[in-house]
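> Got a predicted structure plus its sequence, pasted below:
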Amino acid sequence: PSQSGNQYYIAPNGSDANTGTSDHPWQTLDKANKALKPGDTVILRQGSYSGIIDPVSSGESAAKAITYRSEKRHGAVLTGKTGATYILDLNGKRFITFEGLKLLPQTGGFGFIKNCEHITLQSCHLEGSTRIYVALEFVKSKHTRMLDNTFTRHVTRDENARINGNMCNLRDCSYTLIEGNSFSKIGHCPLVFGRTGPNQSVYNVIRGNCFHNGWGRNFSLQTLERTLFENNLITDAFDGARSADSTSKVFLLDGIFRNNLIYDNWGVVLASKSYLPEGKEEQGPLEFRNSRIYHNTFANNPAFVWELGLGHLGASMQAVHFVNNLFYRNDYAGSFNTLITTLPDFLKINPLQHNLFFGERPGQAVVKIASRSCSSEALNRDPSGGASHNLDADPLFADLQNDCFALSDGSPAINTGRCLTRAVGS
């Protein structure tokens with residue numbers, strides 16, 4: 001929406017005694033923080049800016065948001081303030097937008113946002129946070145939008161000099177949209193999204209992001225309710241920083257995990273075995289129930305792709321449906337296990353239907369259920385009736401050498417999946 005307020009400018013060679021026009025810009029973020037009113041936009045000219053962003057006022061609506069925008073994408077570099085922990089410091093604010101900024105803190109993190117609504121971070125570059133475990137944190141905030149940003153190189157070290165820390169933590173946040181972002185080079189985890197109790201984190205969308213950490217795992221979804229995780233690229237998870245394993249965590253309640261491409265991850269890719277996060281005893285064990293896993297491609301991962309089932313706290317996974325997924329050449333450094341679960345009755349409560357499993361030759365790819373290793377044929381014969389129409393065939397990807405996982409003409413995976421949608425009425 002078009003902004004309805006005034007447009008101001010700041011520049012490194014400006015003066016706070018100026019009027020803030022294009023010809024007579026202000027100089028500091030502090031001046032903008034105090035002056036901006038609902039609907040106003042401040043344009044940051046190219047250059048470096050010390051200080052923090054903590055506006056006095058809030059916006060009033062999408063058309064009357066307060067906006068901080070770099071005139072040239074990533075040309076305005078925000079370095080923080082001596083003694084301040086974060087560059088963005090918002091509490092109880094509404095309708096604040098940040099566009100095209102580069103956050104490069106001298107020390108500390110990028111932002112702490114609490115009890116806020118309608119905060120948008122768009123087309124920004126966030127790099128080089130240090131000496132703080134969480135670089136960007138959202139707490140009890142709604143309608144947050146993180147769009148087309150780059151998050152990279154969060155470098156904090158533990159007592160053994162290992163790189164660790166999380167890039168983005170969201171806790172008790174709802175109606176969040178995280179779309180089109182790139183996450184890489186974070187010691188522990190790029191994205192941790194969790195809750196402290198029921199209905200505290202609902203209706204979130206994580207879509208079209210590239211998770212390619214290289215230093216650790218790629219994400220951790222901790223009992224999110226009614227969340228959609230779709231069209232993401234998940235690759236290059238690797239425990240290079242030795243802060244944690246390379247395994248991303250998936251715990252959803254009434255969630256959807258679909259249309260994701262998961263390939264070339266160096267270790268177990270995903271895990272949904274319940275555990276109690278350290279220091280968060282009040283929230284109880286993580287749970288995975290009543291969710292749908294469909295239309296995903298898991299390919300060329302040297303270890304198995306998903307560890308499922310019973311955790312050490314006894315919290316089981318239930319009514320999680322795996323349908324229309326492609327599993328190709330996973331665990332090629334081991335025994336071509338694809339899914340592994342400790343639950344002997346897994347298929348009774350978690351249907352596995354219309355999936356394709358293939359190793360390097362027919363009969364090689366298996367699902368390990370307790371002590372049994374089951375091929376597609378064995379799954380389909382399982383007396384529980386929870387598995388059916390699973391295939392064992394080469395999917396014939398179009399160009400594997402160039403990581404193109406589209407299906408070639410004649411692929412046995414074409415038109416063999418289960419129809420998941422139906423048009424009703426006219």
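Noted; the coordinates are in hand.

> where in the stretch 151-300 of the chain is pLDDT low?
For the stretch 151-300 of the chain, applying pLDDT under 70 flags the ranges 241, 276-284.

> try 50 this time
Within the stretch 151-300 of the chain, no stretch falls below the threshold (pLDDT under 50).

> Where do the helices of it begin and end?
Taking DSSP state H, counting those that start in this stretch, the stretch 151-300 of the chain contains no helices at all.

> burial measure for I43, as a count.
22 (other CB atoms under 10 Å). Glycine gets a C-beta too; all of them are placed from N, C-alpha and C.

> quick one: which helix or strand includes it?
I43 is part of strand 41-44 when elements are defined by DSSP states H and E.

> Now F238: closest residue in space, sequence neighbours ignored.
Of all residues not flanking F238 in the chain, W266 sits nearest, at 4.2 Å (CB to CB, 6 or more residues apart in numbering).

> So which elements touch the strand holding I43?
Applying 3 or more CB pairs under 8 Å, 6 or more residues apart in numbering; DSSP states H and E, we find strand 41-44 packed against strand 7-10, strand 66-70.

> Of all the ones you listed, which one is nearest T176?
strand 66-70 (19.7 Å; CB to CB).

> one step back: mind putting the helices and strands packed on strand 41-44 into a markdown table with mean neighbour count, distance to A365 and mean pLDDT?
Compiled in a markdown table, the helices and strands packed on strand 41-44 are given as follows (neighbours: other CB atoms under 10 Å; distance: least, CB to CB, whole Å; pLDDT from 0 to 100):
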| stretch | mean neighbour count | distance to A365 | mean pLDDT |
| --- | --- | --- | --- |
| strand 7-10 | 20 | 58 | 98 |
| strand 66-70 | 23 | 49 | 98 |
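
> For these, please prepare a markdown table with the additional fields distance to Q401.
Shown next, in a markdown table, are those (distance: least, CB to CB, whole Å):
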| stretch | distance to Q401 |
| --- | --- |
| strand 7-10 | 49 |
| strand 66-70 | 39 |
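
> Out of the ones you listed, flag the one nearest P190.
Comparing those by CB to CB, strand 66-70 comes nearest, at 23.1 Å.

> So what touches the closest one?
With contact meaning CB atoms under 8 Å, 6 or more residues apart in numbering, strand 66-70 is reached by 3, 32, 36-44, 46, 53, 55, 57-59, 76, 95-102.

> burial count for the closest residue to G267 other than its chain neighbours?
Spatial nearest neighbour of G267, chain neighbours left out: S246 (3.3 Å); criterion: CB to CB, 6+ apart. S246: 21 surrounding residues under other CB under 10 Å.

> In contact with S246, which residues are there?
With contact set as CB under 8 Å, 6+ apart, S246 has these partners: G216, R217, A237, F238, D239, N265, W266, G267, V268, V269.

> do H212 as well
S182, F183, S184, N218, L233, T235, D236.

> out of the residues you listed, which one sits closest to T341?
Ranked by distance to T341 (CB to CB), the contacts of H212 are led by N218 at 21.4 Å.

> Is the residue nearest the centre of the chain bridged to anything, and to what?
The centre of the chain sits closest to L191, judged by CA atoms, centre = their mean, with a distance of 5.1 Å. Beta-bridge partners of L191, counted by DSSP bridges, are C168.

> wait, it sits on M167?
Yes. Assessed by CB atoms under 8 Å, L191 is found in contact with M167 at 6.8 Å.

> which neighbours do the two share?
Listed as contacting both L191 and M167 by CB under 8 Å, 6+ apart are F183.

> For the longest helix seen in the chain, name the packing helices and strands.
Longest helix in the chain, counting residues (DSSP state H): helix 29-35. The helices and strands touching helix 29-35, judged by 3+ CB pairs under 8 Å, 6+ apart, are strand 7-10.

> quick one, helices of the stretch 301-426 of the chain?
346-349, 376-380.

> Quick one: those as a markdown table, columns for mean pLDDT and distance to T21 too.
Shown next, in a markdown table, are the helices of the stretch 301-426 of the chain (pLDDT from 0 to 100; distance: least, CB to CB, whole Å):
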| stretch | mean pLDDT | distance to T21 |
| --- | --- | --- |
| helix 346-349 | 92 | 66 |
| helix 376-380 | 96 | 69 |
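
> could those go into a markdown table alongside mean neighbour count and distance to G386?
A markdown table is the format used below for the helices of the stretch 301-426 of the chain (neighbours: other CB atoms under 10 Å; distance: least, CB to CB, whole Å):
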| stretch | mean neighbour count | distance to G386 |
| --- | --- | --- |
| helix 346-349 | 19 | 3 |
| helix 376-380 | 19 | 9 |
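
> among these, which is nearest K64?
helix 346-349 (49.9 Å).

> okay, the closest one in PDB with CA atoms only?
The C-alpha trace of helix 346-349 is given here as PDB (Å, rounded to 0.1, in the frame of the first residue of the first chain):
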ATOM      1  CA  PHE A 346       4.100 -47.100  13.500                       C
ATOM      2  CA  LEU A 347       2.000 -47.900  10.400                       C
ATOM      3  CA  LYS A 348      -1.200 -48.400  12.500                       C
ATOM      4  CA  ILE A 349      -1.200 -44.800  13.500                       C
END
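
> Do a quick rundown of the strands in the stretch 1-150 of the chain.
Assigned by DSSP state E, counting those that start in this stretch, the stretch 1-150 of the chain shows strands spanning 7-10, 41-44, 47-50, 66-70, 76-80, 86-91, 94-99, 102-103, 109-114, 117-122, 125-127, 134-139, 145-147, 150-154.

> Tell me which of those sits most buried.
Comparing the strands of the stretch 1-150 of the chain by mean neighbour count (mean count of other CB atoms under 10 Å), strand 102-103 comes out on top with a mean of 25.

> Not counting that strand itself, show me its contacts.
Outside strand 102-103, the residues touching it (CB under 8 Å, 6+ apart) are 70, 74-78, 87-88, 110-111, 124-127.
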